[in-house]
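>>> would you be able to build a 3D model of this:
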Amino acid sequence: MKTLFLMIGLSLISIEVSAQTKDSTFKYVEVEAGATIPLGNLKNTMNVAPNIGVWVRQPYTEKSIWAFGFSVNFPKKTTFQYINDDYETETKSFSGVIGFRLDKHYTLNKAKNIDIIWSSVLGYGMYLFDDVRARAEYETWSESKKDKEDKPVFIRPFSTIHVGQGLQLRIRDFGLQTRYNYAPYHAFSDIIDNRFGTHSVTVGLFYRQ
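Have a look, this model is predicted:
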């Protein structure tokens with residue numbers, strides 16, 4: 001979580017710097033809002049969840065734009081079982097991605113205010129949960145060990161690599177978007193397997209400033 005807040009803080013600082021240096025035509029900041037729809041097994045873990053995101057953009061070539069930012073969801077809490085232990089716990093209301101995005105844009109009119117954008121996302125994906133096994137292990141600590149060591153954090157993320165492919169239609173500063181997300185939460189965990197789910201689609205609106 002400390003890393004997440006640090007990355008968000010850096011994004012906000014970049015937004016401020018970009019806003020001070022941007023020209024009159026290029027829009028450096030993009031804000032998105034919509035919903036993330038789980039697919040496949042993820043439908044058993046996650047509901048259709050509200051989504052928000054912020055991306056700081058930078059021109060790369062004539063038709064390419066790099067962006068850094070985040071896109072996060074707020075799903076309902078859902079119970080699930082550990083795969084190798086008799087523990088049952090719940091997810092928390094936070095998941096998403098922090099990372100980089102590469103946009104390829106194609107202008108559709110002479111005024112250059114209508115675009116189709118193909119986006120590729122690569123970053124750190126996470127889904128928070130309550131690690132009850134860690135809580136149980138902490139209860140077995142001796143009092144002397146508890147006094148010497150800091151209490152562990154029990155709200156932890158399933159951390160993974162997040163890959164996304166998206167399509168946007170921009171009309172001036174507003175637009176519509178859809179993005180496919182692949183986040184194998186089980187890949188680096190001994191708590192869940194692929195039955196937890198990996199696939200989702202984010203749909204919504206965006207605004208550039």
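>>> quick one, grab the pLDDT at residue 10.
pLDDT for residue 10: 49.
>>> ok, then the element right after whichever strand in the chain runs longest?
Across the chain, the longest stretch assigned as strand under DSSP state E is strand 88-107. Once strand 88-107 ends, the next helix or strand along the chain (criterion: DSSP states H and E) is strand 114-130.
>>> list the buried residues of that following strand.
For strand 114-130, a neighbour-count test (16 or more other Cβ atoms under 10 Å) marks 115, 117, 119, 121, 123, 124, 125, 126, 127, 128, 129, 130 as buried. For glycine as for every other residue, the C-beta is placed from the backbone atoms N, C-alpha and C.
>>> excluding chain neighbours, what is closest to the third one?
In other words, residue 119. residue 166 (4.0 Å; Cβ to Cβ, 6 or more residues apart in numbering).
>>> so that neighbour sits right up against residue 175, yeah?
No. Applying Cβ atoms under 8 Å, one finds residue 166 not in contact with residue 175, separated by 11.3 Å.
>>> name the residues contacting each of these two.
Common neighbours of residue 166 and residue 175, counting by Cβ atoms under 8 Å, 6 or more residues apart in numbering, are absent.
>>> flag every buried residue along the longest strand of the chain.
The neighbour-count check on strand 88-107 (16+ other Cβ under 10 Å) flags 89, 91, 92, 94, 95, 96, 97, 98, 99, 101, 103, 105 as buried.
>>> that strand - what's its average pLDDT?
Here strand 88-107 scores 96 as its mean pLDDT.
>>> by contact count, what packs against that strand?
Using 3 or more Cβ pairs under 8 Å, 6 or more residues apart in numbering; DSSP states H and E as the contact test, the elements touching strand 88-107 are helix 2-21, strand 49-59, strand 64-73, strand 79-81, strand 114-130, strand 155-171.
>>> for residue 33, which of these is the nearest?
For the helices and strands packed on strand 88-107, the distance to residue 33 is smallest for strand 49-59, at 5.3 Å, taking Cβ to Cβ.
>>> parallel or antiparallel, list what pairs with the closest one.
Sheet pairing of strand 49-59 (DSSP bridges) gives strand 29-39 (antiparallel), strand 64-73 (antiparallel).
>>> which ones are touching residue 125?
Remark: with contacts taken as Cβ under 8 Å, 6+ apart, residue 125 is in contact with 95, 96, 97, 159, 160, 161, 162, 181, 183, 185.
>>> okay, the spatially closest residue to it that is not a sequence neighbour: pLDDT?
What sits nearest to residue 125 in space, not counting adjacent residues and going by Cβ to Cβ, 6+ apart, is residue 162, at 3.1 Å. Residue 162 is assigned a predicted lDDT (pLDDT) of 98.
>>> residue 44 now?
The confidence metric pLDDT takes the value 93 at residue 44.
>>> my guess is it contacts residue 91. True?
No. Using Cβ under 8 Å, residue 44 is not in contact with residue 91; the gap is 11.1 Å.
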